[in-house]
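>>> Quick one: sequence and predicted model below, then my questions.
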Amino acid sequence: MSMIKIDMNSPEFQARMEKTIKFTDKVCESRGWVYNPQVEVNEGVQMGLARNKMMYNKLFCPCFMVEEVDGKPQSVDNRICPCKPAIEKEIPEVGSCHCGIFCTPEFAEAKRVELGMEEAVHTHSRGLTKEEAELLVAQAEIDGDELESLLEARTLGMVEFKLVDVREHMEWQMGHIKGADKLIPTSSFYPSLEESGLDKEENIILYCHVGSRSAHVAMIMRQMGYNKIGNFTHGIVSFGGEVEQ
């Protein structure tokens, strides 16, 4: 399955996006859920759902890979929104679905408080030593300040890694982290990974919109033998550095 490019400005996509928003509105209303207080999270998931509906004629969860099985597209764990794992396990136990768009009112309120605290206390850290950079790039989870510091350290020749975007082509066009080396869309993951030429022994940091797709891809890549995979935990929506189109 090769990379599929959809024009997000086309009338077809805009019409599908409008229908998708109405769909997610109804899901919230019918199940007593609320949207994530981070608007960017909801918009990203809605765009992914709209894209998958156009590509596959099904509302496959945009945070999981879609593979061809017997010539037909199929999502991992048959995740069709609102997916069974979210309904039966994720939202009752965690308070939010894997993609983060649907939440319990209690989870959403706690998230608002957390976001306020993060804004107040999380300070930006720069100026890594070479040793610090090498230790940091080896972490499994990396936050926005850490990624900014690593990108700066890389420009100074202190550390080597590849920054890989696992969102879709249209999301890349809307804006990607300056310094991103590769686009490997989750929807065409295996052929795109093969074409990328990534080495299994090099440092690789993955990112997506909010961290859910990249976490899933990181797990798959580790199973494939990629030994130095890091995940940008909260995705591009939490990145304070430079983004380019």
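Arrived safely, thanks for sending.

>>> Am I right that residue 73 falls within a helix?
No. Read with DSSP: H, G, I helix; E, B strand; the rest coil, residue 73 is strand and lies in no helix.

>>> My guess is it contacts residue 65. True?
No. Using CB atoms under 8 Å, residue 73 is not in contact with residue 65; the gap is 10.4 Å. The way it works is simple: take the backbone N, C-alpha and C, and place the C-beta from them, glycine included.

>>> between the two, who's got more neighbours?
residue 65 (22 against 16; other CB atoms under 10 Å).

>>> Now do the same contact list for the more buried one.
75, 76, 186, 187, 189, 216, 217, 220 (CB atoms under 8 Å, 6 or more residues apart in numbering).

>>> Test my guess that the first one contacts residue 60.
Yes. With contact defined as CB under 8 Å, residue 75 reaches residue 60; the gap is 4.2 Å.

>>> which of the two has more neighbours?
residue 60 (26 against 22).

>>> Tell me the bridge partners for the more buried one.
residue 80 (DSSP bridges).

>>> Going forward, count from 51.
Sounds good: first residue 51 from here, last item residue 110.

>>> How about the contacts made by it?
99, 102, 116, 123, 125, 129, 130, 131.

>>> ok, 10 Å please
98-99, 101-103, 116, 123-126, 128-131, 133, 237 (CB atoms under 10 Å, 6 or more residues apart in numbering).

>>> Specify which member of these is nearest to residue 150.
Set against residue 150, the nearest of those by CB to CB is residue 98 (11.5 Å).

>>> now that closest one, what's its secondary structure?
helix.

>>> Run a quick neighbour tally on it.
Neighbours around residue 98, by other CB under 10 Å: 28.

>>> who touches it in this structure?
70, 109-113, 131, 149, 151, 217-218, 220-221, 236-237, 258-259, 263.

>>> Quick check: the farthest pair among the contacts of residue 110?
Farthest apart among those - using CB to CB - are 101 and 128, which lie 18.4 Å from each other.

>>> which phi and psi does the most centrally placed residue in the chain have?
Centroid-nearest residue in the chain, with CA atoms, centre = their mean: residue 258, separated by 2.9 Å. Backbone torsions for residue 258, taken as degrees, to the nearest 10, come to phi -140, psi -150.
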